[in-house]
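**Student:** Kindly return the folded structure for what I paste below:
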Amino acid sequence: MTLIRKEVSHMDFGKYIAHRGLHSEFVPENSLTAFRLAVEKCLSIELDVRLTKDCRIVVFHDNDLMRMCGVEGKVFDYTYEQLSAFKLKNSDEKIPLLSEVLKTVDGKVPLLIELKGGAPFGELESRVDHMMKKYKGEFAVQSFNPFSVMWFRFHSPKVTRGQLISKYRKNIDLEYIERFICAQPFIWRIISKPQFIAADLRSISLETAFQAVDIDADLLTWTGRGKDLIETASQFSKTVIAEQFPDDFDFSDNWEESCE
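**Tutor:** Here you go, the predicted structure:
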């Protein structure tokens, strides 16, 4: 399978990005199977990376292991060998290394790598950068942490970088306060200076779109769940990071040109 399309000024992810791979009730998120299925549909892939106790880069969203593995503790508390004993949900899938995902995708579709917290500043960023320098496919990085985005701005400026933003309030806690601050435009202009903004659909506004245009940044939205929300989001953002695609979803308009 080879991706065929025109060159663009900013990185082109297509119209849809498979959020944590093309996962479902039967296929766990951020699993090698979810990534293989996304490649089969020629969908760009969003994934999350963290460091283990022994500084291996794993693909896993949550800070702790309970939701996906039913195990107490945080990812950073375990070595990769220890993590390898755990299964994702009710499946035979294990937590994959980023290196395994890169081998699986093999440059067939673009990757959007979200840098998660838990490690000392610069540690995850430098290790991801070192690994991705050897990768032949297209990729970009993104983070809620503007300083993670800034790290790539200074240390690896050729890497396409994005600022994740959300003003959605579930609880007024430290996470909400941090995300609210990072969603402010002065953060984009002074610290991260991203090529794209990835905005939470639950708190996006027309003002956000204008602010992205003002700094010549593309606008992505997340997370479109189900056909109706995916189609609505795609009307006002260049790309939708999405999941819960119906079995009969039409991906034919994902790229301007064909994906064979």
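**Student:** For stretch 190-207, what is the spacing between the initial and final residues?
**Tutor:** One end of stretch 190-207 to the other measures 19 Å (Cα to Cα, to the nearest Å).
**Student:** excluding its backbone neighbours, what's nearest Gly226?
**Tutor:** Distances taken as Cβ to Cβ, 6 or more residues apart in numbering put Gln244 closest to Gly226, at 4.8 Å, once the chain neighbours are dropped. Just so you know, the C-beta spots here come from the backbone N, C-alpha and C atoms, and that holds for glycine as well.
**Student:** Determine the number of other residues adjacent to the one you found.
**Tutor:** Gln244 sits with 16 neighbouring residues when counted by other Cβ atoms under 10 Å.
**Student:** Relative to Ala18, how far out is it?
**Tutor:** 11 Å (Cβ to Cβ, to the nearest Å).
**Student:** Please work out how many residues are found near Pro120.
**Tutor:** The burial count for Pro120: 7, using other Cβ under 10 Å.
**Student:** Need the three-state assignment for it.
**Tutor:** Following DSSP: H, G, I helix; E, B strand; the rest coil, the label given to Pro120 is coil.
**Student:** Dihedrals phi and psi, it?
**Tutor:** phi -60, psi 140 (degrees, to the nearest 10).
**Student:** For it, give me its contacts.
**Tutor:** Residues near Pro120 by Cβ atoms under 8 Å, 6 or more residues apart in numbering: none.
**Student:** Please apply the same query to the one 3 residues further on.
**Tutor:** Contact partners of Glu123, counting by Cβ under 8 Å, 6+ apart, are Leu51, Cys55.
**Student:** Model confidence score at it, please.
**Tutor:** If you check Glu123, the pLDDT there is 97.
**Student:** Also Lys170?
**Tutor:** Note on Lys170: pLDDT of 84.
**Student:** Could you work out the end-to-end span of stretch 206-224 for me?
**Tutor:** Start-to-end, stretch 206-224 (Cα to Cα) is 17 Å.
**Student:** same deal with stretch 54-69?
**Tutor:** Stretch 54-69 has an end-to-end distance of 19 Å (Cα to Cα).
**Student:** how about it: buried residues?
**Tutor:** Buried residues in stretch 54-69, counted by 16 or more other Cβ atoms under 10 Å: Arg56, Ile57, Val58, Val59, Phe60, His61, Asp62, Asp64, Leu65, Met68, Cys69.
**Student:** Run through this structure and note the low-pLDDT ranges.
**Tutor:** The chain contains residues with pLDDT under 70 at 1-9, 258, 260.
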